[in-house]
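Undergrad: Coordinates only, no sequence provided:
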């Protein structure tokens, strides 16, 4: 088993290295995809010494005077040293901006994941237990509708009805709760306030996941409920609740947990747009601001950071599954 | 040999397969299939009707055969007014106007054209490239195929060689860019080609390419491609491609590995059937078997997936527009109608919600039809 695990790790590390090279080269090449002279595109307005100076600085930052591969090498070494360049309008370093915005995005994604599991599991169990009945079809139809509801549409609906019409919750903004990435302690931390700001964005992000998770769990659970050990449990006279929650749920939840582990990419994509609609100051909002301000170097850094984090998270999830489940370990080491 | 004789739907295997409950909703559509379209449910007809309606409206609006007015004409008296705007409604304009006073019906109709063109185009691209690669990968997964593996390995090796040796040669050894790239490319081509020839494993090569492509979150990849390909108008440089084409390309590239993996999985199961072996025994070439034997059987699954993918592409178009990298105005698309007047959400919600509603209903219809097709051809959910 030790051997299998080591071989798996070695294989995965090689794959990881290849993926990271591809990702870094792709993001490096992005700036070259810009039509025209990149310095003219990034700093389009203005003539005169001030702007020429800014462009010269940008040119040296991008290493444009060097040869192509030397530029890539520069870029790679800067990435490894976590030097992500800076905003040309403000001079602020992108690293600082990421430190401020990434935790907010992570909070949002974690809340969304918690909400979706907390709602999907009971619904999935209920739908499986009542399979074929009206309860089941109501849950299924709702899930089908939820799957067709893009999260930006849901976000706009919630923002309008719950936020603007009913005025129950704020329609945008952020307050620090248990993390304070932005305000450096200048704002009082208030968990209640924080959650009030996060409910709508997190829920918008969660609904699509709820439908997916619910359907996966329902399918697996229906299969599990036909197993002999469930019949035995019923014969022993255990209560339905106990059978469902203590006996049937655990063996039915493997697909669900795999899907939850692999949903990071979907969550990132959703978080970007939800943050924009609710003006949550996370990475998504920063990305859109960078696009609007033509801060292409900043944008490039955000893309490479998200991609690398995503690759690392997937690597970790995959690795953890292999540690937990010997069958997967054997299959993947082969 | 005619395919119908060995059609899997007519042999005894289906009875066993019928015992396996297909995942998802539509488990209750058993019964004999006398005609393929005779026994569709009301919901399916509604969905088909909606799609026909939307496509028709889009084509008419684009070709000016029947117009709903000029989508760019400004009617100041109607600006921001709609069925549920706070300012009151605009007489004579069914869906009201946007915040510049442009008629919503005209904009939504032409927007349908843009949104559908982008999503159908992107999925067509994804299917031609990803579906093709997936078919090849799935078909060859259990057979060695040295020449094809050599070609695939060579291409991958060359690309990798250019980058890797480019850096080593140009930075480490002080060669010129061109020389380093050529050496790296040729070296990579030879090494990759040789490696591919030795292993003969096309499947692993293609699957790994898909995996690498999947290693960047889909929306972020599409966003990056569009943002950088579009560049910035303000700088006075024109983008190389028109916006619609850029979006088709970006969403299409993202779709390639997703479609590819599913088509690989489907091709894999069909390629192991006896009729493929029979065709092979009769001396048919691989290419012919793939096109004449495997492809027709993979097609129903692909059709179902394509409907679901088009729905996803429509949502992707909207998402990208909201993120500021959609089709740029003045051309309307459902996504950029939302993006342009998102600020007016609280005062004139009709603008955003009319476009949102169209996206929702279209996605619902496509999802529903995708499920109907899947249930009809008993395509099992796998690899999604």
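TA: Happy to help now that I have it. Everything numeric in this text was worked out from a predicted model, so none of it was measured.
Undergrad: mind checking which helix or strand the residue in the stretch 201-334 of chain A that chain B sits nearest to is in?
TA: When distances are taken as C-beta to the nearest C-beta, the stretch 201-334 of chain A reaches nearest to chain B at residue A:269, 3.2 Å away. No exception for glycine: its C-beta is placed from N, CA and C like everyone else's. Using DSSP states H and E, residue A:269 maps to helix A:264-277.
Undergrad: after that helix, next one along is what?
TA: With elements assigned by DSSP H and E, the helix or strand that comes after helix A:264-277 is helix A:283-292.
Undergrad: Report all helices and strands that that next one contacts.
TA: For helix A:283-292, the elements it packs on are helix A:94-129, helix A:264-277, helix A:296-324, helix B:218-230, judged by 3 or more C-beta pairs under 8 Å, 6 or more residues apart in numbering or on different chains; DSSP states H and E.
Undergrad: tilt between the longest one and helix A:296-324?
TA: Compare the direction of helix A:94-129 with that of helix A:296-324 by axes from the mean of the first three to the mean of the last three C-alpha atoms, to 10 degrees and you get 40 degrees.
Undergrad: so how far is residue B:73 from the closest residue to residue B:112 other than its chain neighbours?
TA: For residue B:112, the nearest residue in space outside its immediate sequence neighbours is residue B:58; the separation is 4.0 Å by C-beta to C-beta, 6 or more residues apart in numbering or on different chains. Distance check for residue B:58 against residue B:73: by C-beta to C-beta, to the nearest Å, it reads 19 Å.
Undergrad: Check residue B:276 too.
TA: When distance is defined by C-beta to C-beta, residue B:276 is 59 Å away from residue B:73.
Undergrad: try residue B:150
TA: When C-beta to C-beta is the yardstick, residue B:150 and residue B:73 sit 60 Å from each other.
Undergrad: of these two, who's got more company?
TA: residue B:150 (22 against 11; other C-beta atoms under 10 Å in any protein chain shown).
Undergrad: Can you name the residues that contact that one?
TA: Taking C-beta atoms under 8 Å, 6 or more residues apart in numbering or on different chains, we find residue B:150 in contact with B:193-194, B:196-197.
Undergrad: pLDDT score for it?
TA: In this prediction, residue B:150 carries a pLDDT score of 84.
Undergrad: Please report phi then psi for the nearest residue to it once chain neighbours are set aside.
TA: Using C-beta to C-beta, 6+ apart and skipping residues adjacent in sequence, the residue nearest residue B:150 is residue B:197, 4.0 Å away. As for residue B:197, its main-chain torsions (degrees, to the nearest 10) stand at phi -60, psi -40.
Undergrad: What number of residues are in the vicinity of residue B:197?
TA: 16.
Undergrad: again, but for residue A:292
TA: When counting by other C-beta under 10 Å, one arrives at 10 neighbours for residue A:292.
Undergrad: ditto for residue B:254
TA: Quick note: residue B:254 (other C-beta under 10 Å) scores 27 neighbours.
Undergrad: Helix or strand: which one has it?
TA: Counting by DSSP H and E, the element that carries residue B:254 is helix B:243-271.
Undergrad: who are the neighbours of that helix, in terms of helices and strands?
TA: On a contact count with 3+ C-beta pairs under 8 Å, 6+ apart, helix B:243-271 meets helix B:104-126, helix B:132-139, helix B:202-213, helix B:218-230, helix B:295-322.
Undergrad: Sort out which residues of stretch B:297-317 are buried, please.
TA: By neighbour count on 16 or more other C-beta atoms under 10 Å in any protein chain shown, the buried set for stretch B:297-317 is B:297-298, B:300-317.
Undergrad: Against residue B:139, how distant is the residue nearest the centre of chain B?
TA: Taking C-alpha atoms, centre = their mean, the centroid of chain B lies closest to residue B:123, which sits 2.6 Å from it. Plainly put, residue B:123 is 22 Å away from residue B:139 if you go by C-beta to C-beta.
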